[in-house]
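Undergrad: Quick one, fold the following:
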Amino acid sequence: MRYTAPAREAVDRSVFAVPPLADWQSFLPWLAEASWPSLDALNAAWPATVHERFAAQTRELLADGMHYEQRIAEHGTIATREANWHDLFNALIWLRYPAIKRALNALQVAEIATMGSKARSRPQYAATHFDEAGVIVAVRDQALQALWDTHDWHGLFWRHREAWRDGRLEVRVFGHALLEHALTPGKLLVGKAMSFAVGGAQDMNDVLAACAEGIAEGRLLRDPLQLRPLPLSGIPGWLPANALETFHLTAECYQPKRPGRSYPEPERLEHCPEPGDRAI
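TA: A predicted model of the protein is given here:
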């Protein structure tokens, strides 16, 4: 069923105090105030030197006949529906993660050049899934990766709850549709994740840079099956219900691994601890 976001005046403001929307406090006035931010206000948040700008998605704008992605690549124009949650969150992602957004745009444009504007390739599907529902995960304990790979959700989210608090597992939500869905309190969220194995002095900024680089260099997002599900609603603090073990045994967001399904090795950053360095 297609998700319909609540009207702005109907949003329960408590959602902005819990993840994932709590991570966007620097944009809180644009999210929580009674009025929608103007495109001028959004554009004022860009550094002066960047190529891109948000532009109202009007009939006149679309009359140029260009594909959405090509318009961004050639003119820096991001067609944006005003007073629209989905497009507002897309704008916020552009402002926070421009390098990854540019890499996705370049991937889409390169595939359009090959496929045309009607057909879609496997990399395009992968890029779209990540753009809408993407999650970037830094894994500092590779034994936990094994739990994730086998869909041992009880182990990953209950037996090792502290891993989500102590930095062994760190998440950044990238998909703007996920942020939109989070406007509904209690909604179960499942992201389409890329996993990055890190260690030593590497931090999330290194992971984000590696994500953009991997997409730009054609290593990542070549197929939707490179993405793995991550039930975000199981992370401590993201949903009150997950404080009870029964949630992790019965929640609908936890699906078993399909027979024959496999996942790629996580992207590895330097100085990552090898599997087995920590005991489960």
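
Undergrad: residue contacts, residue 245?
TA: 154, 158 (C-beta atoms under 8 Å, 6 or more residues apart in numbering). All C-beta atoms are positioned from the backbone trio N, CA, C, and that covers glycine.

Undergrad: Kindly recompute the last result at 10 Å.
TA: 154, 157-159, 161 (C-beta atoms under 10 Å, 6 or more residues apart in numbering).

Undergrad: now it: how far from residue 159?
TA: 9 Å (C-beta to C-beta, to the nearest Å).

Undergrad: Likewise for residue 33?
TA: 41 Å.

Undergrad: which one of these two has more residues nearby?
TA: residue 159 (14 against 10; other C-beta atoms under 10 Å).

Undergrad: Which helix or strand in the protein has the lowest average pLDDT?
TA: When the helices and strands of the chain are scored by mean pLDDT, DSSP states H and E, strand 267-268 comes last with a mean of 93.

Undergrad: What is that strand packed up against?
TA: Packing partners of strand 267-268 (3 or more C-beta pairs under 10 Å, 6 or more residues apart in numbering; DSSP states H and E): strand 190-197, helix 204-216.

Undergrad: Swap in 7 Å and give it another go.
TA: Where contact means 3 or more C-beta pairs under 7 Å, 6 or more residues apart in numbering; DSSP states H and E, strand 267-268 is packed against strand 190-197.

Undergrad: List the buried residues of the strand it packs on.
TA: By neighbour count on 16 or more other C-beta atoms under 10 Å, the buried set for strand 190-197 is 190-197.

Undergrad: Relative to residue 149, which of these is nearest.
TA: Closest to residue 149 out of those is residue 195 (8.9 Å), distances taken as C-beta to C-beta.

Undergrad: Residue 139 is in contact with the closest one, correct?
TA: Yes - between residue 195 and residue 139 there is a contact at 5.7 Å, judged by C-beta atoms under 7 Å.

Undergrad: what sits in contact with each of the two?
TA: 145, 266 (C-beta atoms under 7 Å, 6 or more residues apart in numbering).

Undergrad: what stretches of this structure score poorly on pLDDT?
TA: For the chain, the stretches with pLDDT under 70 are 270-280.

Undergrad: ranges for the strands of it?
TA: In the chain, strands defined by DSSP state E lie at 53-56, 77-80, 134-139, 169-173, 190-197, 228-231, 267-268, listed in chain order.

Undergrad: Please convert those strands to CSV, extending it with distance to residue 115.
TA: Compiled in CSV, the strands of the chain are given as follows (distance: least, C-beta to C-beta, whole Å):
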stretch, distance to residue 115
strand 53-56, 26
strand 77-80, 21
strand 134-139, 21
strand 169-173, 29
strand 190-197, 21
strand 228-231, 25
strand 267-268, 26
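
Undergrad: just the CA coordinates of stretch 258-274, formatted as CSV?
TA: Extracted in CSV, the C-alpha atoms of stretch 258-274 (Å, rounded to 0.1, in the frame of the first residue of the first chain):
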residue,chain,number,x,y,z
ARG,A,258,15.1,-16.2,1.8
PRO,A,259,16.5,-19.6,0.7
GLY,A,260,19.5,-19.0,-1.6
ARG,A,261,19.8,-15.3,-0.8
SER,A,262,23.3,-14.1,-0.2
TYR,A,263,24.9,-10.7,0.4
PRO,A,264,28.1,-9.2,-0.8
GLU,A,265,31.0,-8.7,1.5
PRO,A,266,30.9,-5.3,3.2
GLU,A,267,33.0,-2.6,1.8
ARG,A,268,36.2,-2.7,3.8
LEU,A,269,37.9,0.4,5.2
GLU,A,270,41.5,0.1,6.3
HIS,A,271,42.5,-1.2,9.8
CYS,A,272,39.3,-3.2,10.2
PRO,A,273,39.3,-6.0,12.9
GLU,A,274,39.1,-9.4,11.3
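
Undergrad: Touching that stretch from outside, list them.
TA: By C-beta under 7 Å, 6+ apart, stretch 258-274 touches 139, 142, 145, 149, 194-200, 202, 206-207, 210, 214, 220, 226, 228.
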